[in-house]
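> Provided below for reference: sequence and predicted model.
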Amino acid sequence: MLSTDEQIKPQMFHEFLRDKIDQSNIKQSDMAAELSFDRANIISMFKAGKTRVPLRSIPHIAKILNVDPKQMLRMSMLEYCPETLKAVEQVFGGVITKNEQGILDEIRKLSQGTDPEITSIAHRQAAEEFVKRLMIKQLQTATQSTIPKS
């Protein structure tokens, strides 16, 4: 089990994709056909990071894997074209995923719409601790879902 003091490394897009495909019930050949790829081995190449997923395919892959398309697109751009992502976010603002919106909604509800500001090191540390706990819980849940049941 991870302690809250351990640094959680960001996951590379191809690792994220590999994990989501492996957790799904879909065959790689079916996924390739659904995405109109001629060969099923393209999915293996995506999972290994040997071939980039075409950005135009991200929304369809996200739907197949039941993943937030905003998160998937942001992760892929962060890995494939970080400068383009930076420019897009400078112009349009950052991408907020469905889960991040849920956290923001909860903060708004708990603060009763007072628009709280992080004004001290203690506030920042509390926010960092909160995020670490969310991430550790997510990792624990993911790990439990991949353990075979006997």
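Good, I have the coordinates. Residues are numbered from 1 along each chain as shown.

> mind checking how far the residue nearest to Arg74 when sequence neighbours are not counted is from Arg133?
If the residues on either side of it in the chain are set aside, Arg74 comes closest to Val95, at 4.8 Å by C-beta to C-beta, 6 or more residues apart in numbering. Bear in mind the C-beta positions are built from the backbone N, C-alpha and C, glycine included. Counting by C-beta to C-beta, to the nearest Å, the separation of Val95 from Arg133 is 23 Å.

> Neighbour count: these two, which is higher?
Each of Val95 and Arg133 has its neighbours counted (other C-beta atoms under 10 Å); Val95 has more, 17 against 11.

> mind checking the SS state of that one?
Put simply, Val95 is coil when judged by DSSP: H, G, I helix; E, B strand; the rest coil.

> okay but it is in contact with Lys70, surely?
Yes - assessed by C-beta atoms under 8 Å, Val95 is found in contact with Lys70 at 4.9 Å.

> Quick check, central residue of this protein?
Geometric centre of the chain, nearest residue: Gln71, 4.8 Å, by C-alpha atoms, centre = their mean.

> Can you classify Asn25 as helix, strand or coil?
State at Asn25, reduced to three classes by three-state DSSP: coil.

> So it versus Tyr80, what's the distance?
27 Å.
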